[in-house]
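J.: coords please:
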Amino acid sequence: MQRKISNVMCALVVSGGVGAFVVSAPVFAEKTPEQIKRLQLTAGLGDSQSQLALAEAYALGYGGLIVSEEKAVEWLTQAALQGNTMAQYNLGDMYYFGFGVEKSATAAHEWYLAATAKRHPHAHYMLALLQAQGEMGPSDESLVRYWLKEGASYGDPSASYVLNQMGIDKLNRL
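T.: A predicted model of the protein is given here:
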């Protein structure tokens, strides 16, 4: 059973079922060079939404910026440390996949956990995936189910899908 859970969850990740902006749809629209200059100013002044937008701009090369996953991580870190939930989640993805940083399940876990404190639905799913893969110690199906249930209860379709594949169609049966 444990192998099946991990395989289903990994298939979702490989097929693009995760939320890192370097993997999926952008959070913000493409920016012009003038908008990038304004973002750099406001991000430098500490605005976490601007930092998040600037991280995305570096990750995707918006506004004439040269793509730099490392600079994206720098801006994500600043926004995440201020408690920006989306930045925390995206930073978890950067560490999980090793984009712009050395791949680290421990760092990914830390940032996903921070994002779950503010109910980011897919962060719960990613914690379940880390647990199912045994990245945070021995795999524990009860913890996998817990994080999936939490993610599904906050509306994450990936968590709901995996629960369904596990033969659990009602959350209260967990």
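J.: mind checking pLDDT for Asn90?
T.: With respect to pLDDT, Asn90 has a value of 95.
J.: count the neighbours of it for me.
T.: Residues lying near Asn90 (other Cβ atoms under 10 Å) number 30. (Glycine included, C-beta is placed from N, CA and C.)
J.: pLDDT weak spots in the chain?
T.: Residue ranges of the chain with pLDDT under 70: 1-29, 168-174.
J.: now do the helices in it.
T.: 2-14, 33-44, 48-60, 69-81, 85-97, 105-116, 121-132, 141-153, 157-165 (DSSP state H).
J.: just those helices: most buried one?
T.: Stretch with highest mean neighbour count among those: helix 121-132 (a mean of 27; mean count of other Cβ atoms under 10 Å).
J.: who does that helix touch, helix- and strand-wise?
T.: Judged by 3 or more Cβ pairs under 8 Å, 6 or more residues apart in numbering; DSSP states H and E, the packing partners of helix 121-132 are helix 2-14, helix 85-97, helix 105-116, helix 141-153, helix 157-165.
J.: by contact count, what packs against the third one?
T.: Packing partners of helix 105-116 (3+ Cβ pairs under 8 Å, 6+ apart): helix 85-97, helix 121-132.
J.: redo these as a markdown table? Include distance to Leu60.
T.: Output for those, formatted as a markdown table (distance: least, Cβ to Cβ, whole Å):
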| stretch | distance to Leu60 |
| --- | --- |
| helix 85-97 | 12 |
| helix 121-132 | 19 |
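J.: and Leu52, how far is that from Gly63?
T.: 15 Å (Cβ to Cβ, to the nearest Å).
J.: kindly apply the preceding question to Ser160 instead.
T.: Distance of Ser160 to Gly63, computed by Cβ to Cβ: 37 Å.
J.: who's in contact with Ala79?
T.: 48-49, 51-52, 55, 87 (Cβ atoms under 8 Å, 6 or more residues apart in numbering).
J.: could those residues go into CSV alongside distance to Glu74?
T.: Output for the contacts of Ala79, formatted as CSV (distance: Cβ to Cβ, whole Å):
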residue, distance to Glu74
Ser48, 13
Gln49, 16
Gln51, 9
Leu52, 12
Ala55, 8
Ala87, 11
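J.: can you tell me which of those residues is nearest Gly137?
T.: Gly137 lies nearest to Ala87 out of those, by Cβ to Cβ, at 26.6 Å.
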